[in-house]
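Undergrad: Structure of the sequence below:
(one chain, ligands or ions: 1)
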Amino acid sequence: MRIGVDIGGTNIVTGLVKDGKILDRVSFKAQEARRDNSIVEKIIENIKELCKKNSITPEQVESIGIGVPGAVNYIEGTVIECVNLGMKDVPLRSELRKELGDVTVLVENDANAATVCEHLYGTMKGTRNSMLVTIGTGVGGGFILNGELFSGKSGRVAEIGHITVGEGFYECGCGQRGCLETFASATAIVKYAKKLIKDGESSLLEQRIAKGIIETKDVFDCAKEGDKVCLSAIQRFVKYLSIGIANFINVLDLELVAIGGGVCNGHELFFDDLVKEINKRTLFKASGNCKVCIAELKNDAGIIGAAMIN
Ligand SMILES: [Zn+2]
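TA: Sure, this is the predicted structure:
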């Protein structure tokens, strides 16, 4: 039995995991805990509570894995920075071990945790060299290389969203220009559609903007009705996402790329074109094209993946 902690922006969930299934879970509200600076304390309480409910001690658990939406140092077991929750230089492993005793605590980025889950139980199962790309507000993901989760020299995450793929029209959150996530995220799709409207093009989207905040779903809905602006926004997304993905396929000779995240809800609007564009840009064609698919990424991938980190 293992424990997985999924640190989300809304809820922080701790689950007891066995054979890829969650047996029991407890959670607390992230932002409340952030306000009174008690995130770590509450995680410890939740682990204790979960163990007590299931008549085990923390020491009997094989490992406790924590998935963090930010930069971590896997080797040291620390959170370097998690902006959304105001965590900075938090020695998670040592704090947990102080309270829970002699337990194995592993701290990993949440995209890596999701990659582990997808590799064990999803579309990446059985692959030796593959990649998960998650597309939501930003672009993230992880790699399985030579059969194992890849992590760099300091054990940090693969910053897929911040490779440069072109000349962007707005600055990325990281301070650079041209990052993949300024072309190929939900945020980028909406921003680009709005930019075209601002530049004078008319769109069905304008009525929706007048009513309030628009999301990728609005762009997808209008694209389905043949709206030119929205179709251009999707085309741009496909172009640059394919450049980014093809770069990785060409460098790493990947056998499979799984695409997940909120944007996949509209995959019927872009998936076939994306595969075509990727194949156009990849080498190694003699050995067959790299398979591209939509990730399964179950809702609980964060908890299960965190629990299964090694
Ligand atoms: Zn960036």
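Undergrad: contacting residues for R93?
TA: Contact analysis of R93 by C-beta atoms under 8 Å, 6 or more residues apart in numbering lists 76-78, 105-107. Every C-beta, even on glycine, is put in place using the N, C-alpha and C of the backbone.
Undergrad: For the ion, what's the nearest residue on the stretch 1-150 of the chain?
TA: Of all residues in the stretch 1-150 of the chain, the one sitting closest to the ion is G138 (8.6 Å; C-beta to the ion).
Undergrad: before we move on, the earlier item: with pLDDT, neighbour count and distance to the ion added, can I get the contacts of R93 in JSON lines?
TA: Output for those, formatted as JSON lines (pLDDT from 0 to 100; neighbours: other C-beta atoms under 10 Å; distance: C-beta to the ion, whole Å):
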{"residue": "E76", "pLDDT": "92", "neighbour count": "15", "distance to the ion": "25"}
{"residue": "G77", "pLDDT": "94", "neighbour count": "22", "distance to the ion": "26"}
{"residue": "T78", "pLDDT": "95", "neighbour count": "20", "distance to the ion": "23"}
{"residue": "V105", "pLDDT": "97", "neighbour count": "20", "distance to the ion": "30"}
{"residue": "L106", "pLDDT": "96", "neighbour count": "22", "distance to the ion": "27"}
{"residue": "V107", "pLDDT": "95", "neighbour count": "28", "distance to the ion": "23"}
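Undergrad: Just put those in JSON lines and tack on distance to T216.
TA: Below are those laid out as JSON lines (distance: C-beta to C-beta, whole Å):
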{"residue": "E76", "distance to T216": "36"}
{"residue": "G77", "distance to T216": "35"}
{"residue": "T78", "distance to T216": "34"}
{"residue": "V105", "distance to T216": "36"}
{"residue": "L106", "distance to T216": "33"}
{"residue": "V107", "distance to T216": "31"}
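Undergrad: quick one: contacts for F143?
TA: Going by C-beta under 8 Å, 6+ apart, F143 touches 115, 129-132, 149-150, 158, 248, 252.
Undergrad: Would you confirm that it belongs to a strand?
TA: Yes - according to DSSP: H, G, I helix; E, B strand; the rest coil, F143 belongs to a strand.
Undergrad: Leaving out the residues flanking it, which one is nearest to it?
TA: Among residues not flanking F143 along the chain, F150 sits closest, at 4.1 Å (C-beta to C-beta, 6 or more residues apart in numbering).
Undergrad: repeat for V83
TA: G70 (6.4 Å).
Undergrad: Would you agree the one you found is in contact with A111?
TA: No - the criterion here is C-beta atoms under 8 Å, and G70 misses it with A111 at 10.2 Å.
Undergrad: Against I214, how distant is A301?
TA: A301 sits 27 Å away from I214, going by C-beta to C-beta, to the nearest Å.
Undergrad: any idea how far stretch 162-174 is from the chain center?
TA: Centroid separation for stretch 162-174 versus its chain: 18 Å, with C-alpha atoms, centre = their mean, to the nearest Å.
Undergrad: Just to check, the residue nearest to F143 is in contact with I144?
TA: Yes - the criterion here is C-beta under 8 Å, and F150 meets it with I144 at 7.0 Å.
Undergrad: more crowded one of the two?
TA: Neighbour tally, F150 and I144, criterion other C-beta atoms under 10 Å: the higher count belongs to I144, 22 against 16.
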